[in-house]
Every structure is written in C-alpha cells, then in structure tokens.
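Enquirer: only the shape, not the letters, is given here:
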C-alpha cells in the first residue's frame, strides 16, 4: 500500500512555463515533506521541504504548496528551464527530526527548449 | 558540501557470490546512514538504517543475514549482499544524515549515486 503517491510518471513542459508536480499521501501522521531531484546516474538531491504547520514554502523558482485537508502537495517550478529536466521524488516523514522517509515513485519532468 | 560517494556504481556477478557496496560521506560525519533498494518503476524502499558503532536496524521483510551492514566509522557504511541470486538484482542506493544538522531538525538525507547490481 503506497502511502506516498505520484500519479504522473512523466510531465513535459515548455521552457519558460510553469511545471507543476503533484504528490498525494494517505498517512495523516506525516507532517514533514520533502522534494528530491534526481539526474541520471546521480543520487537524489534535496530540493525543498515543508512542514505541516505551513501551507507554502518558497525557494527561488521552486515553491511547494501543502493542502493538509486534501493530503496533497505540489511543487511549482517557474519559469521552467531545460536544466530542470530530471526525476522528482516526493517524500514524507513523521517528525522533522525523524529519519524514516517514505518516497513516491517519482515523476520524470522534461522541459522542452 | 554534503557529498556522499557510493562505490561501485555497477557490478555484475555470478550467482552465489557476495558483493560489497561502500557508502562514504566525504565532507561530513554521519552517525546514521540508510540503505535503499529500488525496483524498476517503483519507489525507493528503505531496507535498513545503519548506525555507527551498533547493529543496523532492518525493515520488515529484509533478511539481515542476506544483507549485511557494517558502519564502523562516522564516514563509512558497507552493504554486503551475501550469496547473491538473480532476484537480488536491483538498484541499491545509500544516504546519510549530516551529524551537524541533527540538532536543526532538518530531515535531509544526502544520497549516493547508487549501485546497479546484476546477478547472473
């Protein structure tokens, strides 16, 4: 039973436009969420996180939105750049200091020049 | 900073042999490292948590005698797949938490590039 779901395996976006990657979770105990980005032949790298006490966190071109009632979060990238093309993983945990991350399957983003 | 090196990146071995995978934190200390496994089109699944100086904690369904973990120093954890069989073929990836970030309640794990294991 997947507790973190990324229902879109892939997404294509034109350069300069907004990319929106979605993530749903089922475990209401999750209270800290992270997005990781992965290039081929490299390990995932941390991108941005959000605590359940917030509904938005912004870092440059990346913004994560959290809707606790819907158990849904999304990552917005604007404007999208070709270098953003990668696989994006959503992860969730219980407690910001906890170590156990539950990952989604990932969404492959392709930004078309 | 926060670089994790994983070696080898790819290994092909015969059935019945053992394979050791190393995970090193290059510029930080890590009392805790993690080993994940990823099957095609599936998410990263935590196999075990490696604790420096003590026994690893294995997730349910992961055979500890099959997947031996050693974390002898603050910068190195090893995963040994013993008597490997074709069904062990998978992508194994390690991660580490920076000891210096633990007090910040930052649950950021730094990942290695992964090891593709193919057992013939």
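Expert: Done, it's in. Nothing here was measured: the structure is a model prediction, and the numbers come from that model.
Enquirer: just the pLDDT for residue B:61.
Expert: On the pLDDT scale, residue B:61 is placed at 92.
Enquirer: sorry, that was for residue A:98
Expert: 67.
Enquirer: repeat that for residue A:71.
Expert: 97.
Enquirer: can you give me the distance of residue B:65 to chain A?
Expert: 23 Å (C-beta to the nearest C-beta, to the nearest Å). Quick note: C-beta positions are derived from backbone N, CA and C, even for glycine.
Enquirer: excluding its backbone neighbours, what's nearest whichever residue of chain B sits closest to chain A?
Expert: Proximity of chain B to chain A (C-beta to the nearest C-beta) peaks at residue B:111, 3.2 Å away. Counting by C-beta to C-beta, 6 or more residues apart in numbering or on different chains, residue B:111 lies nearest to residue A:43, which is 3.2 Å off, once chain neighbours are set aside.
Enquirer: then residue B:54?
Expert: residue B:71 is the one closest to residue B:54 (C-beta to C-beta, 6+ apart), at 7.9 Å.
Enquirer: enumerate every residue touching whatever residue of chain A ends up closest to chain B.
Expert: Closest contact between chain A and chain B, by C-beta to the nearest C-beta, is at residue A:43 (3.2 Å). By C-beta atoms under 8 Å, 6 or more residues apart in numbering or on different chains, residue A:43 lies in contact with B:4, B:6, B:93, B:95, B:110-114.
Enquirer: let's have those residues in a markdown table, adding secondary structure, neighbour count and pLDDT.
Expert: Shown next, in a markdown table, are the contacts of residue A:43 (DSSP: H, G, I helix; E, B strand; the rest coil; neighbours: other C-beta atoms under 10 Å in any protein chain shown; pLDDT from 0 to 100):
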| residue | secondary structure | neighbour count | pLDDT |
| --- | --- | --- | --- |
| B:4 | strand | 25 | 92 |
| B:6 | strand | 21 | 96 |
| B:93 | strand | 25 | 95 |
| B:95 | strand | 27 | 94 |
| B:110 | strand | 24 | 90 |
| B:111 | strand | 23 | 92 |
| B:112 | coil | 28 | 94 |
| B:113 | coil | 18 | 92 |
| B:114 | coil | 22 | 93 |
